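**Q** Please work out how this folds:
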Amino acid sequence: MGKKIYCIVFVLLLLNYSPVMADTPVHVKKDDNKSLLFESVDSTLNKSKPAIKSVDSTLKKQTHKKVSNNKLSDFEILQKRMEILQKQVQILYDEKAARKKLIITDDEKSEKEKELLTAAGKRYSLAAKDTFVMEYDFSYSYYSNDILKFEPVDVKHEYEHVINNIISAEYSIFDNMTLTGTIPFVYKYDKVGTSSGSKVSDIGDISLALKYQPLKTVSNMVTPILFGSISLDTGRSPYEINLEEDLSTGAGYSSALVGISLSGVIDPAVVFGSLSYSYKDDASGLNQKISETKILESVEPGGEISVSSGFGLSFSYFMSVNLKYQLIYRFSSKYNYKDGTTDTSAATSTSVLSIGTGWRLHNKYSLYVDLGIGLTPDAPDFTIFVRLPFTFSSL
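**A** Residues are numbered from 1 along each chain as shown. The predicted structure is shown next:
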């Protein structure tokens, strides 16, 4: 009997402190990026405390009322108090669960930023060490322009369809260094007016690229990535074909490109940009007939500077959109003929505006679709670009 009394007294002492436990505020360590979020949650939860106290007060009144009427035994009083305590504990548990759901971890933020930059282009993101990525890229470009011909004078509409199927492999040597190899397969169809068109299907120019991130990614700081690539003259050269009948699938010369890309977070957007320069090697030893009197002997192609910038937004973990602008300035090229004469082309600018979207289909692969709109005569009228990378981690 004495043990039962001691147990009852101990439970009553605990229950007498339960209002204090329920009314004690829950302190959560605030992070700089989450302080506003927690203040909003705390404000909402504080509004619910009067309701908690009201429930507690009502139950206590009912209990004391029944006790005064001698309708409840000591055991029933303890049972009622235990119910009050259980409800208060459950409310505190629900508060903690609600806060946890609203918190976005640093890993989740980093994953969203990486997904946005991957959707923006290969230059803006790196994979973890020992990650292997196989990627299939598809692009369709449409060109159109009017051609003025003499004898007799006639204006004809020329249009060209270019389809690229590109297979690339990417391997992360280190967390901050990635090596990429690309093999393109090109299909072209060109038609002028109502006459029969020309078409070609062949391999394009194979390229090898390297990306390196010199500084570790830090929150609220700009992340730089240095990149470079070499393109080999493996496609059909435009300087070694019959211009009246054949089409090319390559540039006709080897080239090297170096550049830097920058990215950062301006909540809720991720902004990015890049600057690069491309050097083009001379094409020599040619013997292409340009006209009855001119035979092309060599070409000195001018280099080009490319500037791009844009931003991306994530609507959810599975979908994002981005907007990009690219400007390419090509320096003049020099054409040398066997008769000792030369021609120099004018410098040109190409401008393209792209709207893209990314869809996360699985943990190992996503789908990216871009629509590029040409803003200058040298650019394609429009380009549809589709990327489908497959990731294989921890080789």
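**Q** Just the mean pLDDT for stretch 157-169, thanks.
**A** For stretch 157-169, the mean per-residue pLDDT is 89.
**Q** If you could redo that for stretch 88-102, that was the one I meant.
**A** pLDDT averaged over stretch 88-102 gives 74.
**Q** Equivalent analysis for stretch 216-236, please.
**A** pLDDT averaged over stretch 216-236 gives 91.
**Q** Next: stretch 332-349.
**A** Here the average pLDDT along stretch 332-349 is 92.
**Q** Give the buried residues for that stretch.
**A** 333, 335-337, 348 (16 or more other CB atoms under 10 Å). Any C-beta I mention is one placed from the backbone N, CA and C, and that applies to glycine too.
**Q** of all the residues you listed, which comes closest to residue 165?
**A** Of all the buried residues of stretch 332-349, residue 165 sits closest to residue 348, with 27.3 Å by CB to CB.
**Q** Contacts only, for that closest one.
**A** 329-330, 378 (CB atoms under 8 Å, 6 or more residues apart in numbering).
**Q** so where do the strands sit in the stretch 51-200 of the chain?
**A** Assigned by DSSP state E, counting those that start in this stretch, the strands in the stretch 51-200 of the chain fall at 132-149, 154-174, 177-192, 198-203.
**Q** Buried deepest among those, which one?
**A** strand 177-192 (a mean of 17; mean count of other CB atoms under 10 Å).
**Q** and the angle for it with strand 198-203?
**A** Interaxial angle, strand 177-192 versus strand 198-203 (axes from the mean of the first three to the mean of the last three CA atoms, to 10 degrees): 160 degrees.
**Q** Please identify the pairing partners of strand 177-192 and their relative orientation?
**A** Applying DSSP bridges, strand 177-192 is found paired with strand 154-174 (antiparallel), strand 198-203 (antiparallel), strand 207-212 (antiparallel).
**Q** give me the low-pLDDT residue ranges for the chain?
**A** For the chain, the stretches flagged by pLDDT under 70 are 1-72, 98-110, 146-156, 192-196, 393-395.
**Q** Of the buried residues of stretch 332-349, which pair is most distant in space?
**A** Checking those with CB to CB, the most distant pair is 337 and 348, at 21.6 Å.
**Q** need the contact list for the residue nearest to residue 228 when sequence neighbours are not counted.
**A** Closest residue in space to residue 228, ignoring its immediate chain neighbours: residue 258 at 4.6 Å, by CB to CB, 6 or more residues apart in numbering. Contacts for residue 258 were tallied using CB under 8 Å, 6+ apart; they are 226-228, 276-277.
**Q** The one helix or strand residue 258 maps to: what's the following helix or strand?
**A** Secondary-structure assignment from DSSP states H and E places residue 258 in strand 255-266. Using DSSP H and E, the next helix or strand after strand 255-266 towards the C-terminus is strand 269-280.
**Q** How far off centre is stretch 331-348?
**A** How far stretch 331-348 lies from its chain's middle: 40 Å, per CA atoms, centre = their mean, to the nearest Å.
**Q** Between the two ends of that stretch, how far is it?
**A** With CA to CA, to the nearest Å as the measure, stretch 331-348 spans 7 Å from end to end.
**Q** do the same with stretch 357-367
**A** First-to-last residue span, stretch 357-367, CA to CA: 8 Å.
**Q** coming back round to it: how about the strand holding residue 258, which residues are buried there?
**A** 255, 257, 259, 261, 263-265.
**Q** Next up, the contacts around residue 232.
**A** 205-208, 254.
**Q** Make a markdown table from these and add neighbour count and distance to residue 121 to it.
**A** Output for the contacts of residue 232, formatted as a markdown table (neighbours: other CB atoms under 10 Å; distance: CB to CB, whole Å):
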| residue | neighbour count | distance to residue 121 |
| --- | --- | --- |
| 205 | 22 | 19 |
| 206 | 16 | 20 |
| 207 | 20 | 15 |
| 208 | 13 | 18 |
| 254 | 18 | 23 |
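**Q** From these, pick the one nearest residue 387.
**A** Of all those, residue 387 sits closest to residue 207, with 15.9 Å by CB to CB.
**Q** out of the contacts of residue 348, which is most surrounded?
**A** residue 330 (20 neighbours; other CB atoms under 10 Å).
**Q** Spatially nearest residue to that one, not counting backbone neighbours?
**A** Once flanking residues are discounted, residue 330 sits nearest to residue 304: 4.5 Å by CB to CB, 6+ apart.
**Q** which ones are touching that neighbour?
**A** Contacts of residue 304 by CB under 8 Å, 6+ apart are 277-278, 280, 328-331.
**Q** Pairing-wise in the sheet, spell out the partners of the closest residue in space to residue 392 that isn't next to it in sequence.
**A** Nearest residue to residue 392, sequence neighbours excluded (CB to CB, 6+ apart): residue 132, at 4.5 Å. Note on residue 132: beta-bridge partners by DSSP bridges are residue 171, residue 392.
**Q** can you list the domains in this structure?
**A** Taking automatic domain parsing as the domain assignment, the ranges for the chain are 2-103, 107-392.
**Q** most tightly surrounded among those domains?
**A** domain 107-392 (a mean of 16).
**Q** Show me how far that domain is from its chain's centre.
**A** That offset, for domain 107-392, works out to 17 Å (CA atoms, centre = their mean).
**Q** Start at 52, not 1
**A** Right, with 52 as the first residue, what we last looked at is domain 158-443.
**Q** now do the same end-to-end measure for stretch 351-369.
**A** Using CA to CA, the two ends of stretch 351-369 sit 47 Å apart.
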